[in-house]
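Undergrad: predicted structure and sequence below. I'll ask about it afterward.
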Amino acid sequence: MITALYSDQLIAENAPMDRRLAALILSRGNRIGYVASAPEPQRAFFDEKRQYYAQYGLSLDLFVDLDALAGDEEIGRLFACNAIHLTGGHTGDFLRRLRQSGMLEKLRAWALDDGIVVGTSAGAILMTPTIAADALFEGGSPDAVRDGAALDLTPFEFFPHLNDDPGYLPALLRYSKTTANPILACRDGEGLILGNGLVEIFGAPLMIAGGFVEAADRGRIADLLSRA
C-alpha cells in the first residue's frame with residue numbers, strides 16, 4: 001500500500017511531491033480513478049484535476065459519484081486503476097457517502113492489497129483512523145466527534161491547512177492530550193508519501209502528540225508504520 005496525503009495540491013509548492021508520486025504511479029501504469037466527495041454536475045474540479053495530472057503523464061479518466069454508483073461494473077473499473085484519488089470537500093459528507101455506498105470497506109481492502117491512494121485535504125483526512133480533527137474547521141471540538149471512524153490506512157490523524165488560522169495549532173495541542181493517535185499537521189504545499197518501505201516528507205509538517213509539537217520525523221513515522 002502507498003498513501004499520499006496532501007494538504008492542498010494545485011499549487012506550485014507541491015511539485016516535488018507531485019513528481020515523486022507520479023513516478024510511483026507510472027511504475028504500474030498511468031490510470032487514476034477519481035472519487036468525488038460530492039456530486040459534481042459540471043465536473044469543474046474533475047476537469048481541473050485531470051489537466052493537472054496530465055502534466056505528469058497520468059490519465060484521470062474515471063469519475064465516480066458515490067451517490068450514483070452504476071454497480072459492480074463501475075466499481076470494477078475503479079479498482080482496475082493504478083491509483084485512486086480522493087478529493088477535497090466536506091469531510092463528514094464524504095465519509096457518509098462512502099459508508100452509504102458500501103465503498104468504505106471496499107476501498108480500504110483495495111488499498112491494503114497494495115493499492116495507491118491519493119488524498120487531498122478531506123480525502124487525506126479520510127485515510128486516517130478518524131476524521132475527528134476536521135471538527136476544527138467548523139469551530140467544533142474533535143473530542144465531541146463520536147462517529148468519525150474512517151479508512152484507517154495510517155497510524156496517525158491528519159490535519160491540513162494548518163496555515164489558514166493561528167488558532168488551529170493550540171486547538172490541536174489540546175486535542176492531542178485526549179486522543180491516542182499522533183496528529184500530522186500540514187500547511188498547504190506540504191505532505192507525505194508512505195508505504196512499501198517509503199517514508200517521504202515534503203515541506204515541514206508537524207507531529208503533535210500528548211500536548212507537544214515537533215517537526216515530523218522520518219524515523220518516528222517509520223516506527224509508527226512498523227507497529228501499525
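TA: It's in. All values reported here derive from a predicted model rather than from experimental measurement.

Undergrad: drop to CA atoms for contacts and neighbour counts, all remaining ones
TA: OK.

Undergrad: ranges for the strands of the chain?
TA: With DSSP state E, the ranges of strands along the chain come out as 2-6, 31-35, 59-64, 83-86, 116-120, 157-159, 183-185, 191-195, 198-202, 206-209, 212-215.

Undergrad: and the angle for the third one with strand 31-35?
TA: Pointing back at strand 59-64 there. In terms of direction (axes from the mean of the first three to the mean of the last three C-alpha atoms, to 10 degrees), strand 59-64 departs from strand 31-35 by 30 degrees.

Undergrad: other residues contacting strand 59-64?
TA: By C-alpha atoms under 8 Å, 6 or more residues apart in numbering, the surrounding residues in contact with strand 59-64 are 30-36, 46, 49-50, 53-54, 77-78.

Undergrad: again, only this time at 10 Å
TA: The contact list for strand 59-64, computed with C-alpha atoms under 10 Å, 6 or more residues apart in numbering, reads 29-40, 43, 46-47, 49-54, 70, 74-75, 77-78, 81-85.

Undergrad: of these, which belong to helices?
TA: 46-47, 49-54, 74-75, 77-78 (DSSP state H).

Undergrad: thinking again about what came up before, got a quick ChimeraX command for the buried subset of the contacts of strand 59-64?
TA: Restricted to buried positions by 16 or more other C-alpha atoms under 10 Å, the ChimeraX selection for these reads:
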select :29,30,31,32,33,34,35,36,37,38,46,49,50,52,53,78,81,82,83,84,85
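
Undergrad: contacts only, for the residue nearest the centre of the chain.
TA: Centroid-nearest residue in the chain: residue 124, 1.5 Å away (criterion: C-alpha atoms, centre = their mean). Counting by C-alpha under 10 Å, 6+ apart, residue 124 makes contact with 3-8, 85-88, 91, 117-118, 131, 151, 157-160, 191.
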